[in-house]
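Asker: pasting the structure only:
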């Protein structure tokens, strides 16, 4: 991976190292820290025809199940005034989901897939006062998403080759993307509401496969939507105490270019990732 993305994150961390020391105050633009736990309904789909995510082509495989998150955030998005806003978020996601697909020869197979991912995002922008108790937010940002996808060995499930062993497969994805987010912030007497919607777009993507050493694929990330609604409780205090959020996010990939390998060609089919979940926050 090029050095430039890592340099961008170093600059981001240097920026946040200065703001971490600021005291937590709800009416000012200083920061607050939270840790969170989450559960995610995960779905992955691959199809053999470009443009097929709308429907109408053969589905090669699908994966679905629940994953679990542990994360931390630092932000000043609780500030009840116009001005600069920012956030930085990092999390680890783990779990096992069900796989229902086929072998390279087209024989049906089912197995489990172990997932491990690490995400880091940073956003900065401005909050505009739209009414006495409502604010509009506009932010731009950058994110890095690494995930490890390990298909377990299995056997062909039906047909003339039923029972034939099938080896596993381990893939690694590295994704650098830009984010554009619009938000609506409505502070209340005890509860603050925050709605965020936006798009993420590609900066860099790389896919490697342990069983095919030396091969690198570049699926084409398409602009993909996300949305989140967050509710934060303050009670009678002027400090955030705990919160709850629900979110939905898509990641869409067009088919990668075919790469010559081992006397043939290898490519990543058109793919679709969908994540929907709930998170609980504890603020400090």
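Answerer: On my side now, so go ahead. Note that the structure is a prediction, hence the values are computed from the model and not measured.
Asker: would you map the strands across the stretch 51-200 of the chain?
Answerer: Ranges of strands in the stretch 51-200 of the chain, per DSSP state E, counting those that start in this stretch, are 59-75, 83-102, 108-131, 134-151, 154-155, 165-166, 169-187, 191-209.
Asker: looking at these, spot the one closest to residue 280.
Answerer: When the strands of the stretch 51-200 of the chain are compared by C-beta to C-beta, strand 59-75 sits nearest residue 280, at 10.2 Å. C-beta coordinates here come from the backbone N, C-alpha and C atoms, glycine included.
Asker: can you pull the buried residues of the closest one?
Answerer: By 16 or more other C-beta atoms under 10 Å, the buried positions in strand 59-75 come out as 59, 60, 61, 62, 63, 65, 67, 69, 71, 73, 74, 75.
Asker: and those as a markdown table, adding pLDDT and distance to residue 136?
Answerer: Shown next, in a markdown table, are the buried residues of strand 59-75 (pLDDT from 0 to 100; distance: C-beta to C-beta, whole Å):
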| residue | pLDDT | distance to residue 136 |
| --- | --- | --- |
| 59 | 85 | 40 |
| 60 | 90 | 42 |
| 61 | 92 | 41 |
| 62 | 95 | 38 |
| 63 | 96 | 37 |
| 65 | 97 | 37 |
| 67 | 98 | 32 |
| 69 | 98 | 28 |
| 71 | 97 | 26 |
| 73 | 97 | 21 |
| 74 | 97 | 22 |
| 75 | 96 | 17 |
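Asker: got the residues you listed as JSON lines, with distance to residue 92 columns?
Answerer: Converted to JSON lines, the buried residues of strand 59-75 look like this (distance: C-beta to C-beta, whole Å):
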{"residue": "59", "distance to residue 92": "30"}
{"residue": "60", "distance to residue 92": "29"}
{"residue": "61", "distance to residue 92": "25"}
{"residue": "62", "distance to residue 92": "24"}
{"residue": "63", "distance to residue 92": "19"}
{"residue": "65", "distance to residue 92": "17"}
{"residue": "67", "distance to residue 92": "10"}
{"residue": "69", "distance to residue 92": "7"}
{"residue": "71", "distance to residue 92": "7"}
{"residue": "73", "distance to residue 92": "13"}
{"residue": "74", "distance to residue 92": "16"}
{"residue": "75", "distance to residue 92": "19"}
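Asker: so for residue 272, which of the strands of the stretch 51-200 of the chain sits nearest?
Answerer: Closest among those, once you apply C-beta to C-beta, is strand 59-75, at 9.3 Å.
Asker: got the angle between the closest one and strand 134-151?
Answerer: 130 degrees (axes from the mean of the first three to the mean of the last three C-alpha atoms, to 10 degrees).
Asker: other SSEs contacting strand 59-75?
Answerer: Where contact means 3 or more C-beta pairs under 8 Å, 6 or more residues apart in numbering; DSSP states H and E, strand 59-75 is packed against strand 32-47, strand 83-102, strand 108-131, strand 270-283.
Asker: partners of it in the sheet?
Answerer: With DSSP bridges as the test, strand 59-75 is paired with strand 32-47 (antiparallel), strand 83-102 (antiparallel).
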